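>>> What would the 3D arrangement of this be:
(one chain, ligands or ions: 1)
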Amino acid sequence: MYSAHLDTFARDNLPPSDQQPEFLFDLPALHYPERLNCATELLDRHVREGRGDRVCIRAPGVAWTYADLLDKANRIAHVLVRDMGLVPGNRVLLRAANNPMLAACWFAVMKVGGIAVVTMPLLRAKELKSILEIGQVSHALCDAALSEEMELAAQASPGLRHVKYFQADGEDSLESAMRRMPAVFENVDTAADDTCIFGFTSGTTGIPKATMHFHRDVMSICHCWPEHMLRATADDVFIGSPPLAFTFGLGGSLLFPLHAGASVVLLEKAGPPQLFEAIRDFGATVVFTAPTSYRAMAVRGAELRQTALRKCVSAGEALSASTRALWKEATGIELIDGIGATEMLHIFISHDESNARPGATGKPVPGYLARVVDDQGRELPPGTVGKLAVKGPTGCRYLADERQKKYVQNGWNLTGDAYLMDDDGYFHYQARTDDMIISSGYNIAAPDVEDALMQHPAVAECAVIGVPDPDRGQLVKAFVVLRPGNVAGEDMKKTLQDFVKASIAPYKYPRALDFVESLPRTQTGKLQRFKLHETA
Ligand code: 3UK
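Sure thing, here's the model as predicted:
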């Protein structure tokens, strides 16, 4: 079997074939040749076909055309090979906030047949060290602004042989090295099934694992959800908040805009206020962010009616019917919800604007199949809560990790989510399977109770878990962060409990309720319920 990789670490550590999911390539667009390099398809092709002068990447004070991005990526590719001794199959750590140089470095790694390991900007040396070890990373390209933790991690990681910094001055900066290199590079002729991404995920449980994705997988996610559900055009201006280290951000802020021949605005800081202003100032038309960010921006949402914004994508966590309604009332725009996962690379259940159903994530994206199954993997009838199982052109391949057997069963990917499918085939998110609470025989989804609590004006944030209880099996327990100006105490507790009882089935109300200052979250903004279980 053909491979361009001289360093065979990735191939050697794929899960055994009987532990891999089944892959589906039914759509004609998914019939790839044996050799495929995603950089050739997403970047070089546009310049070759005469679109080099179109704007590709924007950032405050920066506007690169497709030709500019290609020029930079080619020079970095030469630096990787000539100055840093990279051979195809080597892993390259990439570290920066979302900015144009990070995008150029990412494409350079694809071009040389390397494997990109993009890391969250906020990671500390200790966390970087474990990523470097698990991925056996030999090279790093890092923004000088993040050099401190990078240096500490490098000192502790003997396998990391070459580190270069960008956005830096001096002879040994990446930019100086680029100036000494030619602007033309012949992309390595990678196999469609050569690994090009290690996507790290700690999930919501702590211990990091690497998911492996091929050049073919990068193209598959471009050919499925964006073409069938997003339907952006070359005139769209993409923008978003998730880091490129998170595959939600890699798709929305790099792969999908380039696949459409459109442009993307990269923001180093993209909290709700910065994202809001950038949508307005850059004339963004397509935005990718998480439900919490839409809630925060909705306050000034009416101002966006005067802008070019037309498509708003929500993913990363469940979108409640109330957030959907809030955004629609404020901006007039129907949110596009989609569930994705690092293991699946991107979104596999979603809908377009005209097929939104409040409270539902949508239907399987063309190219994917989804079903709800019981603990034995048997398909459940509509209306029954069970485990979500999916398959499609992408799927879970953990790098040498025992958890592969848990995520993939009988060829299906089990995402760890509890879902039900209604009679019309729409999939409704319930909870993470670990967050289904069974109290006195009732099934209670933690997010249901959270949504109800969130409707109360005194509640800023909240989280609900099940705690062991001798009488009821489990007890519903809420952790509540109050908005400023509200007083925690027995009165407020009673008020909130009564409020929940009045809005959803009374058996779901939180019998235990603590007030806290803040909630534990991952760097992608997901609630870490396991930490609450520890404190409870
Ligand atoms: C949850 C959702 C309900 C769900 C991701 C889009 O979130 C992404 O990847 P992660 O590996 O987490 C996966 C888990 O997150 N989730 C994500 N989206 C939704 N739950 N509704 C949603 N719309 O528990 C899932 O199993 O961090 C999202 C694209 C790429 C991604 N990696």
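
>>> all contacts plus neighbour counts: C-alpha atoms, from now on.
Noted.

>>> number of nearby residues for Asp169?
Neighbourhood size, Asp169 [other Cα atoms under 10 Å]: 12.

>>> pLDDT wise, what is it at?
Per-residue confidence (pLDDT) for Asp169: 87.

>>> same check, this time on the one 5 residues further on
Note on Leu174: pLDDT of 98.

>>> excluding its backbone neighbours, what's nearest it?
Spatial nearest neighbour of Leu174, chain neighbours left out: Phe166 (5.1 Å); criterion: Cα to Cα, 6 or more residues apart in numbering.

>>> swap in Ser440?
Using Cα to Cα, 6+ apart, the closest residue to Ser440 is Arg472 (4.5 Å).

>>> which residues touch that neighbour?
439-441 (Cα atoms under 8 Å, 6 or more residues apart in numbering).

>>> Now list the buried members of those residues.
Ser439 (16 or more other Cα atoms under 10 Å).

>>> quick check, nearest of the contacts of Arg472 to the ligand?
Proximity of the contacts of Arg472 to the ligand was ranked by Cα to the nearest ligand atom; the top entry is Ser439 with 21.9 Å.

>>> just the strands in the stretch 1-150 of the chain please.
Using DSSP state E, counting those that start in this stretch, the strands of the stretch 1-150 of the chain run over 55-59, 62-65, 91-95, 115-119, 139-143.

>>> who does Ile336 bridge with?
Val313 (DSSP bridges).

>>> Number of residues surrounding it?
When neighbours are counted by other Cα under 10 Å, Ile336 comes out with 24.

>>> ok, it touching Glu353?
Yes - checked against Cα atoms under 8 Å, the pair Ile336 and Glu353 is within contact range at 6.0 Å.

>>> Contact partners for the residue in the stretch 1-150 of the chain that the ligand sits nearest to?
Shortest the stretch 1-150 of the chain-to-the ligand distance, computed as Cα to the nearest ligand atom: residue-wise this is Met120, at 12.1 Å. Residues in contact with Met120 (Cα under 8 Å, 6+ apart) are 95-97, 243, 245-246, 523.

>>> Now tell me what touches whatever helix or strand Leu420 lives in from outside.
According to DSSP states H and E, Leu420 maps onto strand 412-421. When contacts are defined by Cα under 8 Å, 6+ apart, strand 412-421 is touched by residues 21-22, 341, 371-372, 382-391, 395-396, 406-408, 427-434, 436.

>>> and the gap between the residue of the stretch 401-536 of the chain found nearest the ligand and Glu343?
Residue nearest to the ligand within the stretch 401-536 of the chain: Thr415 (4.7 Å; Cα to the nearest ligand atom). Distance, Thr415 to Glu343, by Cα to Cα, to the nearest Å: 8 Å.

>>> One more: Ala389?
Taken as Cα to Cα, the span from Ala389 to Glu343 is 13 Å.

>>> Strands of the stretch 401-536 of the chain, start to end?
Counting by DSSP E, counting those that start in this stretch, the segments of the stretch 401-536 of the chain that form strands are 408-409, 412-421, 427-432, 436-439, 442-445, 459-469, 473-482, 512-515.

>>> Tabulate the CA atom coordinates of the second one in CSV.
Read that as strand 412-421. Output in CSV follows, covering the C-alpha atoms of strand 412-421 (Å, rounded to 0.1, in the frame of the first residue of the first chain):
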residue,chain,number,x,y,z
TRP,A,412,-20.4,2.5,14.7
ASN,A,413,-18.9,5.6,16.5
LEU,A,414,-20.5,6.1,19.9
THR,A,415,-20.1,9.8,20.7
GLY,A,416,-21.1,9.5,24.4
ASP,A,417,-24.3,11.4,23.8
ALA,A,418,-27.9,10.5,24.8
TYR,A,419,-30.3,11.3,22.0
LEU,A,420,-33.8,10.5,20.8
MET,A,421,-35.0,10.5,17.2
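
>>> list the buried ones in that strand?
Buried, per 16+ other Cα under 10 Å, within strand 412-421: 412-421.

>>> likewise the longest one?
For strand 459-469, the neighbour count (16+ other Cα under 10 Å) marks 459, 461-468 as buried.

>>> next one: that strand to chain centre, how far?
25 Å (Cα atoms, centre = their mean, to the nearest Å).

>>> by how many degrees do that strand and strand 473-482 diverge?
160 degrees (axes from the mean of the first three to the mean of the last three Cα atoms, to 10 degrees).

>>> Mind listing residues that contact strand 459-469?
Under Cα under 8 Å, 6+ apart, the answer for strand 459-469 is 435-438, 446-447, 449-450, 453-454, 474-483, 510, 519, 527, 529, 532-533, 536.

>>> switch to 6 Å and redo it
For strand 459-469, the surrounding residues in contact (Cα atoms under 6 Å, 6 or more residues apart in numbering) are 437, 446, 450, 474-483.

>>> What strands line up against that strand, and which way round?
Short version: by DSSP bridges, strand 459-469 pairs with strand 473-482 (antiparallel).

>>> Pull out the buried residues from the strand it pairs with.
474-482.

>>> I'd like to know how many residues surround the residue nearest to Leu174.
As a measure of burial, Phe166 has 21 neighbours, counting by other Cα under 10 Å.

>>> Let me see the contact set for it.
With Cα under 6 Å, 6+ apart, Phe166 has these contacts: 143-144, 173-174.

>>> Now name the helix or strand holding the residue lying closest to Val299 once chain neighbours are set aside.
Nearest non-adjacent residue to Val299, counting by Cα to Cα, 6+ apart: Ala330, 7.6 Å away. Using DSSP H and E, Ala330 maps to helix 321-331.

>>> so where do the helices sit in the stretch 51-200 of the chain?
Using DSSP state H, counting those that start in this stretch, the helices of the stretch 51-200 of the chain run over 66-78, 100-111, 125-134, 147-155, 174-179.

>>> hang on, Arg54 packs against Trp64?
No - Arg54 lies out of contact with Trp64 (Cα atoms under 6 Å); the separation is 8.5 Å.

>>> follow-up on the earlier one: give me the contact list for the helix holding Ala330.
298, 301-302, 305, 334, 358-359.

>>> at 7 Å what do you get?
294-295, 298, 301-302, 304-305, 333-335, 358-359 (Cα atoms under 7 Å, 6 or more residues apart in numbering).

>>> so which one among those has the lowest pLDDT?
Where pLDDT dips furthest among these: Arg295, at 90.

>>> which one is that residue nearest to, not counting chain neighbours?
Thr323 is the one closest to Arg295 (Cα to Cα, 6+ apart), at 6.2 Å.

>>> go on, Gly332?
Leaving aside its chain neighbours, Gly332 sits nearest to Arg305 (7.3 Å; criterion: Cα to Cα, 6+ apart).

>>> Phi first, then psi, for the one you found.
phi -60, psi -30 (degrees, to the nearest 10).

>>> where's it relative to the ligand, distance?
Counting by Cα to the nearest ligand atom, to the nearest Å, the gap from Arg305 to the ligand is 24 Å.

>>> returning to what we had before: would you list the buried residues of strand 473-482 in CSV and tack on pLDDT?
CSV is the format used below for these (pLDDT from 0 to 100):
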residue, pLDDT
Gln474, 91
Leu475, 94
Val476, 96
Lys477, 96
Ala478, 97
Phe479, 97
Val480, 97
Val481, 95
Leu482, 96
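
>>> and the strand holding Leu420, which strands flank it?
In the sheet, strand 412-421 lines up with strand 386-391 (antiparallel), strand 408-409 (antiparallel), strand 427-432 (antiparallel) (DSSP bridges).

>>> Take those and lay them out in CSV including mean pLDDT and distance to the ligand.
Shown next, in CSV, are these (pLDDT from 0 to 100; distance: least, Cα to the nearest ligand atom, whole Å):
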stretch, mean pLDDT, distance to the ligand
strand 386-391, 97, 9
strand 408-409, 98, 13
strand 427-432, 94, 6
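
>>> Using PDB, write out the CA atom coordinates for stretch 431-444.
What follows is stretch 431-444, C-alpha atoms only, in PDB (Å, rounded to 0.1, in the frame of the first residue of the first chain):
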ATOM      1  CA  ALA A 431     -27.400  14.800  27.700                       C
ATOM      2  CA  ARG A 432     -24.000  13.300  27.700                       C
ATOM      3  CA  THR A 433     -24.700   9.600  28.500                       C
ATOM      4  CA  ASP A 434     -22.900  10.100  31.800                       C
ATOM      5  CA  ASP A 435     -25.200  13.100  32.600                       C
ATOM      6  CA  MET A 436     -28.500  11.200  32.400                       C
ATOM      7  CA  ILE A 437     -29.700  11.200  36.000                       C
ATOM      8  CA  ILE A 438     -32.000   8.400  37.200                       C
ATOM      9  CA  SER A 439     -33.800   9.500  40.300                       C
ATOM     10  CA  SER A 440     -36.600   7.400  41.800                       C
ATOM     11  CA  GLY A 441     -36.900   5.600  38.500                       C
ATOM     12  CA  TYR A 442     -37.300   8.800  36.400                       C
ATOM     13  CA  ASN A 443     -34.900   9.600  33.600                       C
ATOM     14  CA  ILE A 444     -33.800  13.200  33.900                       C
END
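
>>> No more questions from me, cheers.
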